[in-house]
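Participant: this is a predicted model, with the sequence first.
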Amino acid sequence: MTDPKADLARMAAEPPHVADHSRRRFIAQAARWGLTAAAAAAMTRHLAMPTLAATPELPAIKDFPATLKGSGTVRVCSYGGAFQEAQRSAYFKPFEELSGIKVVESQGPDISKVKAMVDTGNVEYDVGEFDRSSIINLERKGDYWAPIDYSLFDTDNIDPTFRYKFSVDMLPYGQIFAYRTDAFKGAAPSSVADLWDTKRFPGARALQAGSGGLAPDLEVATMATGVPREKVYPMDIGAAYASLAKIKSDVDKWWSAGAVPAQLLNDNEVVMATAWFGRIYAIQQAGAKVAAVWKDGLLRTDAWAIPKGAANTLNAQKFAAFITMAVPQARLSCLIPYGFVNSKSAALIPADRLSQLPTAPDTLKDMLIYNTGWWADNRDAVLARWNKFLLG
């Protein structure tokens, strides 16, 4: 039997849409730990998926490529709950209606399960949602993924950054920093250099830890030394840790749970913190005096990937191609505070919604694309130094 506290710690380190799935699973299994479902729900309320305050009318899908029509089924594995409900409205149902291909849904994408399914030849779903670094890590262990057929995709409007041989990005989200708007007597931090400037912007900080399944804010630390975004990768790990050391005494909390920095800012326990924007958005909607700084933030993404040997590989390719078209991507961004990978989506989203998204053109130009390949190569080396850094 697993430890519920350990499970909670692991869930809290996950992005909001993943954490919400884990939250529901935790509640369903509450009886194993002698908890009622109500008690488990109370324990995990902070993991709930943030949603936009109001939903605009979704843009209509007027064109459907003949190359994406077909028959049969496609088995899609996502994260359930409000998130999958939004995906269902944005593009599952439209794809089914327009393509002639039935969408069969499931929940709980799991890289270890993909490995087991492919190894045994019993592949239970045709396309799943994963972090690209997980896809790369499994790729290095063997032949586990079907290559993406980009001849079916709107590649004219999907930047190469969002495309990989074995996956296509589909859910961008922002890893940014935020600050208390009542902390600095009218001054407003505007870049990561200000996050490090404890003289002009005094007060306690919260930065991401190198534990709990997470990794420290090395990109932020690197840019704080003056390195421009386009030269951050490959990172000098030693120099990044040296930069973190300069601000270490002002960091009250090294967070390893996504809800923590938002809570610390909301309760006025820190004046600045790195965070996932979805968590900051949630407390902003509740009235917190907190603002997000997008400049020098990291753009991270989830991706669709197709397990090798999936029974409906062609339909999975068509499905992934459809949902990365401009209108389906825009529809999802109107429903939840996540971005889009198709550049034509921006024109389809109301201005007040667009301003809250990491891939809005005026925002994206100032962000750093998270390099999953670099982290796949260097994560172990980074984490090996973490405890020594904390104790040093």
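Facilitator: Everything's here; your move.
Participant: now do the strands in the stretch 101-250 of the chain.
Facilitator: 102-107, 127-131, 163-164, 167-180, 205-208 (DSSP state E, counting those that start in this stretch).
Participant: export those to a markdown table and tack on mean pLDDT, distance to V251 and mean neighbour count?
Facilitator: (Each C-beta comes from the backbone N, C-alpha and C, glycine too.) Formatted as a markdown table, these follow (pLDDT from 0 to 100; distance: least, CB to CB, whole Å; neighbours: other CB atoms under 10 Å):
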| stretch | mean pLDDT | distance to V251 | mean neighbour count |
| --- | --- | --- | --- |
| strand 102-107 | 97 | 36 | 16 |
| strand 127-131 | 95 | 26 | 24 |
| strand 163-164 | 97 | 34 | 18 |
| strand 167-180 | 96 | 12 | 25 |
| strand 205-208 | 98 | 5 | 25 |
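Participant: dump these into CSV; add distance to N371 as well.
Facilitator: Listed next are the strands of the stretch 101-250 of the chain as CSV, based on distance: least, CB to CB, whole Å:
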stretch, distance to N371
strand 102-107, 29
strand 127-131, 13
strand 163-164, 12
strand 167-180, 13
strand 205-208, 16
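Participant: so which of those strands gets nearest T359?
Facilitator: strand 167-180 (5.2 Å; CB to CB).
Participant: sheet-wise, list the partners of the closest one with their directions.
Facilitator: Strand pairing for strand 167-180, using DSSP bridges, gives strand 163-164 (antiparallel), strand 272-276 (antiparallel), strand 290-305 (antiparallel).
Participant: what pLDDT, on average, does the longest one get?
Facilitator: If you average the pLDDT over strand 290-305, you get 96.
Participant: give the other helices and strands that the helix or strand following it contacts.
Facilitator: Per DSSP states H and E, the first helix or strand lying C-terminal to strand 290-305 is helix 313-323. In terms of contacts (3 or more CB pairs under 8 Å, 6 or more residues apart in numbering; DSSP states H and E), helix 313-323 is packed against strand 73-78, helix 93-99, strand 127-131, strand 167-180, strand 290-305.
Participant: tell me which stretches of the stretch 1-150 of the chain form helices.
Facilitator: Per DSSP state H, counting those that start in this stretch, the stretch 1-150 of the chain carries helices over the ranges 4-12, 16-28, 37-43, 81-87, 93-99, 111-120, 132-139.
Participant: ok, now the stretch 251-392 of the chain?
Facilitator: Under DSSP H, counting those that start in this stretch, the stretch 251-392 of the chain gives helices at 259-266, 277-285, 313-323, 326-335, 351-354, 361-364, 372-384, 386-391.
Participant: what's the closest of these to G128?
Facilitator: Here helix 313-323 is closest among the helices of the stretch 251-392 of the chain (CB to CB), at 9.4 Å.
Participant: the closest one to strand 102-107, inter-axis angle?
Facilitator: Using axes from the mean of the first three to the mean of the last three CA atoms, to 10 degrees, the direction of helix 313-323 lies 80 degrees away from that of strand 102-107.
Participant: so what's S345 up against?
Facilitator: Residues in contact with S345, defined by CB atoms under 8 Å, 6 or more residues apart in numbering, are 326-327, 329-330, 333, 359.
Participant: scratch that, L357
Facilitator: L357 sits in contact with 333, 337-340, 349, 363, where contact means CB under 8 Å, 6+ apart.
Participant: strands - which of the residues you listed land there?
Facilitator: Among the contacts of L357, no residue falls in strands (DSSP state E).
Participant: surely V127 is in contact with A321?
Facilitator: No - between V127 and A321 there is no contact under CB atoms under 8 Å: 10.9 Å.
Participant: so what are the domain limits for this protein?
Facilitator: 8-38, 66-172+301-369, 173-300+372-391 (automatic domain parsing).
Participant: adding distance to A60, write the ones you listed out as TSV.
Facilitator: TSV is the format used below for the domains of the chain (distance: least, CB to CB, whole Å):
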stretch	distance to A60
domain 8-38	25
domain 66-172+301-369	7
domain 173-300+372-391	26
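Participant: returning to what we had before: of all pairs in the contacts of S345, which one is the farthest apart?
Facilitator: It's V327 and T359 that sit farthest apart of the contacts of S345, by CB to CB, at 15.1 Å.
Participant: okay, these two: which has more neighbours?
Facilitator: Shown here are V327 and T359; by other CB atoms under 10 Å, T359 has more neighbours (26 against 21).
Participant: what's the closest non-adjacent residue to that one?
Facilitator: In space, and not counting its chain neighbours, T359 is closest to G339: 3.3 Å by CB to CB, 6 or more residues apart in numbering.
Participant: I'd guessed the one you found sits against Q356; true?
Facilitator: No - applying CB under 8 Å, one finds G339 not in contact with Q356, separated by 9.6 Å.
Participant: looking at the two, which is more packed in?
Facilitator: G339 (28 against 20).
Participant: what separation do you get for that one and S134?
Facilitator: Distance of G339 to S134, given as CB to CB, to the nearest Å: 20 Å.
Participant: what do you get for A262?
Facilitator: 25 Å.
Participant: compare the two and say which is more crowded by neighbours.
Facilitator: Neighbour tally, A262 and S134, criterion other CB under 10 Å: the higher count belongs to A262, 28 against 20.
Participant: for the more buried one, give its distance to F177.
Facilitator: Look at A262 and F177: by CB to CB, they are 12 Å apart.
Participant: okay, and the common contacts of these two?
Facilitator: What both A262 and F177 touch, as defined by CB under 8 Å, 6+ apart, is the set 273, 275.
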